[in-house]
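Q: Turn this into a structure:
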Amino acid sequence: MSFSNKTIWITGASSGIGKALAIELSQQNVKLILSSRKLVALELVKKECKNAAEVKIVTLDLEDYNNLQSKVDEAISCFGTVDILVNNGGISQRSLVKDTQISVDKRLMDINYLGTVALTKALLPHFIKNKKGQFVVTTSIVGKIGTPLRSSYAASKHALHGFFDSLRAEHHRDNIAVTLVCPGFVNTNVSKNALTGNGTPQQKMDSATENGIDPERFAKQMIKVIKKKKEEAYIAGTKEKLAVFAKRFYPKLLSIMIRKLSVT
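A: Next comes the predicted model:
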């Protein structure tokens, strides 16, 4: 599949994977719509893109999931259509189950799951009408395997897999593709912004995240996955990929290994 002249909408585009994806895609003759809550940061990303004239900004807050239809209408009006929506926006978590307030669980689900689902549902009629479209979803290896300190985050990502697997089955005949991209550790600010048990940001970088895949390299691999319209892909280190394999074929062994992970 060629991206030439396609309109690609990216949420969570102000930093990390979304930013790297936007800059890399701008080299491929596409029209881009960039979204997040942070207008100033989005404008800086736009300046780094190759052809800024073909980049539009639509600010949105996934947590405000009852008011996303107007954002979809605004996005469609930018270039007259949307061909691919990259659901990349979200937030992570770092806290033990026993220390995590239920309000934190709710916020993770509101942003990562309900916000993504609401935006997808609002755009879906446009894809159905056009008889084409692709939903790309940045989930996580943790969307396949729950690990310590990430219970709410893992739950929100697992939920995305269930929803989008169902959507894919329902709308295959409408020529609508669904691609679930599962990152392992990527060197972004995700761990700094992760919520702790009382809802405040962690404000420090995890060592595993700091040593993760470079966002630019990740974006290049993600673009290949999107082009191939893969149903599910794991862009991660060898250990993380092996863990997905073990979860399927040797779940008891994986459980024993996960118990040994640090929870402090």
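Q: What does the pLDDT read for Ser262?
A: Looking at Ser262, its pLDDT stands at 65.
Q: Val86 pairs with what?
A: Here Val86 sits in beta bridges with Ile10, Val136, going by DSSP bridges.
Q: going forward can the numbers begin at 73, since that is how I track them
A: Renumbered: residue one is now 73, and that last one reads Val158.
Q: and it, what does it touch?
A: 80-83, 90, 93, 208, 210, 298 (C-beta atoms under 8 Å, 6 or more residues apart in numbering). Using the backbone N, CA and C atoms, a C-beta is placed for each residue, glycine as well.
Q: Against Val209, how distant is the nearest residue to Lys301 once chain neighbours are set aside?
A: The spatially closest residue to Lys301, leaving aside those adjacent along the chain, is Ala249, at 4.6 Å (C-beta to C-beta, 6 or more residues apart in numbering). For Ala249, the distance to Val209 equals 11 Å [C-beta to C-beta, to the nearest Å].
Q: Leu333 belongs to a strand?
A: No - counting by DSSP: H, G, I helix; E, B strand; the rest coil, Leu333 is not part of a strand but coil.
Q: so who does it touch?
A: Going by C-beta under 8 Å, 6+ apart, the list of residues near Leu333 reads 219-220.
Q: Do a quick rundown of the strands in the stretch 73-222 of the chain.
A: 79-83, 103-107, 127-129, 156-159, 205-210 (DSSP state E, counting those that start in this stretch).
Q: for the longest strand along the chain, packing partners?
A: Using DSSP state E to assign secondary structure, the strand with the most residues in the chain is strand 248-255. Under the contact definition 3 or more C-beta pairs under 8 Å, 6 or more residues apart in numbering; DSSP states H and E, strand 248-255 sits against helix 188-202, strand 205-210, helix 223-242, helix 287-299, strand 304-307.
Q: deepest of these, which one?
A: strand 205-210 (a mean of 24; mean count of other C-beta atoms under 10 Å).
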